[in-house]
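**Q** turn this into a structure:
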Amino acid sequence: MKSYYKKKSFYEDLLLVLKGIAMGAANKVPGVSGGIVALVGGFYETLIYSLQHFNIKAVKLLFNKGFRSFWRYINGRFLCLLFSGVIISYFSVSLILDYLINYNETLVLGCFFGMILASLYLIYTKVKIWKNSTIALLLLGFGLGLLLSYARPVAENDHLYFVFFCGMISVSGMAIPGLSGSFLLLILGNYNLLLVDAVNALFIVLSNGVFLNFNSLSDPLIQRLLIIMGVFTIGSLSGLILFSNLLKWILEKFPKQTLATIIGFITGTLLLVYPWRTKSFLYSDDGNLILNAVGNPKFSNYNYFIPDFKDFQTYGVLLTIISGVCILLLLNYYGKKKSY
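**A** Numbers count the residues shown, from 1 in each chain. Just a heads-up that it's a prediction; the model follows:
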């Protein structure tokens, strides 16, 4: 097995943390996959193979040869830096994204729409030779992506077994390019609970804890949300290890076919980040908004429309799409120069 433990410069380590931040931010937006950032950022295979090393051999190394051997085997330095960026993102960039999406969702989606278009081009160049099998898988991936795009969300469920399942499913966005873990949470009805309410509760506790103020821990709602966050995190870690082992085998056996399926799937899910849309929410029979357990309105579906080119804002969205394309191409360029 090839070792991915390599000594890197401070600049390369900092760049990897920034990529983790970008990956975490992408995972937070429904319809966007953090796996795309990993793929075009030049560290996708390293991520998959590093996670795949969480196995029986790693446990034996830890107990028989010590932590240093275990750390080198799992490529701990790489994983630590990358997921430090992801965690930083959840308490910084992701909070900013929440604000921007609430302030002007269309412009934010325009940027991500451009990033995904660029990623499609970059993944397409990796296939090179197209055969009947890859074209068939492209169409299959497109069909699956389209079905997911039109799926309707179910009711919110805070049962801990279901939260664990959500953790396993949502992390697929990191492991499988094109599959948006946050959108799957939206479909499962737990997006607000797990990526907004639970994250905000943890942020409140940590920020208060800096000033040695732990009064928030006495709040029953905060306590429940922290338990939910813990179970969700355990489920996410379990899902990462499970998906990485599965994907390692698939990438080794069917690399071109896998990429073709990913291209089709991403194309089918482009509708999820189509910027020209309006939200629909659930209403009761008496005309009032239906709220979840923490007072947020329950989401129903999206209504899509063709942009009006007489509207000046349309050109602002087009500019953000171009910006998204440029960001992804730059990420790919530096990813090739400084890949892990």
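**Q** wait, what's in contact with the nearest residue to residue 263 once chain neighbours are set aside?
**A** Spatial nearest neighbour of residue 263, excluding adjacent residues (Cβ to Cβ, 6 or more residues apart in numbering): residue 123 at 5.4 Å. Every residue, glycine included, has its C-beta placed from N, CA and C. Shown in contact with residue 123 (Cβ atoms under 8 Å, 6 or more residues apart in numbering): 39, 40, 177, 259, 262, 263, 266.
**Q** distance to residue 78, pLDDT and neighbour count added to the residues you listed, as a markdown table?
**A** Putting those into a markdown table (distance: Cβ to Cβ, whole Å; pLDDT from 0 to 100; neighbours: other Cβ atoms under 10 Å) gives the following:
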| residue | distance to residue 78 | pLDDT | neighbour count |
| --- | --- | --- | --- |
| 39 | 16 | 77 | 24 |
| 40 | 17 | 74 | 24 |
| 177 | 18 | 71 | 24 |
| 259 | 23 | 84 | 23 |
| 262 | 23 | 84 | 27 |
| 263 | 27 | 88 | 25 |
| 266 | 25 | 84 | 24 |
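**Q** show me which of those is closest to residue 225.
**A** Nearest to residue 225 among those, counting by Cβ to Cβ, is residue 177 at 30.3 Å.
**Q** which residues touch the closest one?
**A** 33, 35, 36, 38, 39, 44, 119, 123, 262, 266.
**Q** wait, isn't the fourth one in contact with residue 26?
**A** It stands for residue 38. No: counting by Cβ atoms under 8 Å, residue 26 is not a contact partner of residue 38; they are 9.3 Å apart.
**Q** who has more neighbours out of those two?
**A** Counted by other Cβ atoms under 10 Å, residue 38 and residue 26 do not tie: residue 26 has more neighbours, with 29 against 25.
**Q** following the helix or strand hosting that one, which helix or strand shows up next?
**A** Residue 26 belongs to helix 10-28 when elements are defined using DSSP states H and E. Using DSSP H and E, the helix or strand that follows helix 10-28 in sequence is helix 34-40.
**Q** could you list every helix and strand that that following helix packs against?
**A** For helix 34-40, the packing partners by 3 or more Cβ pairs under 8 Å, 6 or more residues apart in numbering; DSSP states H and E come out as helix 10-28, helix 44-52, helix 93-127, helix 172-175, helix 312-337.
**Q** and stretch 325-332, how far out from the chain's middle?
**A** 18 Å (Cα atoms, centre = their mean, to the nearest Å).
**Q** need the contacts of residue 123 in JSON lines with distance to residue 285 and secondary structure, can you?
**A** Shown next, in JSON lines, are the contacts of residue 123 (distance: Cβ to Cβ, whole Å; DSSP: H, G, I helix; E, B strand; the rest coil):
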{"residue": "39", "distance to residue 285": "47", "secondary structure": "helix"}
{"residue": "40", "distance to residue 285": "48", "secondary structure": "helix"}
{"residue": "177", "distance to residue 285": "43", "secondary structure": "coil"}
{"residue": "259", "distance to residue 285": "49", "secondary structure": "helix"}
{"residue": "262", "distance to residue 285": "43", "secondary structure": "helix"}
{"residue": "263", "distance to residue 285": "44", "secondary structure": "helix"}
{"residue": "266", "distance to residue 285": "39", "secondary structure": "helix"}
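**Q** for those residues, which one is nearest residue 64?
**A** Nearest to residue 64 among the contacts of residue 123, with distances taken as Cβ to Cβ, is residue 39, at 35.3 Å.
**Q** check the secondary structure at the residue of the chain most remote from its centre for me.
**A** The C-alpha centroid of the chain is most remote from residue 286, which lies 37.2 Å away (Cα atoms, centre = their mean). Counting by DSSP: H, G, I helix; E, B strand; the rest coil, the backbone at residue 286 sits in coil.
**Q** quick one: contacts for residue 79?
**A** Taking Cβ under 8 Å, 6+ apart as the test, what residue 79 contacts is 47, 50, 51.
**Q** swap in 7 Å and give it another go.
**A** Taking Cβ atoms under 7 Å, 6 or more residues apart in numbering, we find residue 79 in contact with residue 50.
**Q** on that earlier part again, and the helix holding residue 26, what's its mean pLDDT?
**A** Mean pLDDT, helix 10-28: 83.
**Q** can you check stretch 226-235 too?
**A** 92.
**Q** report the buried residues of it.
**A** The neighbour-count check on stretch 226-235 (16 or more other Cβ atoms under 10 Å) flags 226, 228, 229, 231, 232, 233, 235 as buried.
**Q** pretty sure the second one contacts residue 198?
**A** So the one you mean is residue 228. Yes: here residue 228 reaches residue 198: they are 5.2 Å apart, a contact under Cβ atoms under 7 Å.
**Q** excluding its backbone neighbours, what's nearest residue 191?
**A** residue 185 (4.3 Å).
**Q** just give me the neighbour total for the one you found.
**A** Residue 185, neighbours per other Cβ under 10 Å, totals 24.
**Q** check contacts around it.
**A** Contacts of residue 185 by Cβ under 7 Å, 6+ apart are 166, 170, 191, 194, 195.
**Q** name the element it belongs to?
**A** helix 181-187.
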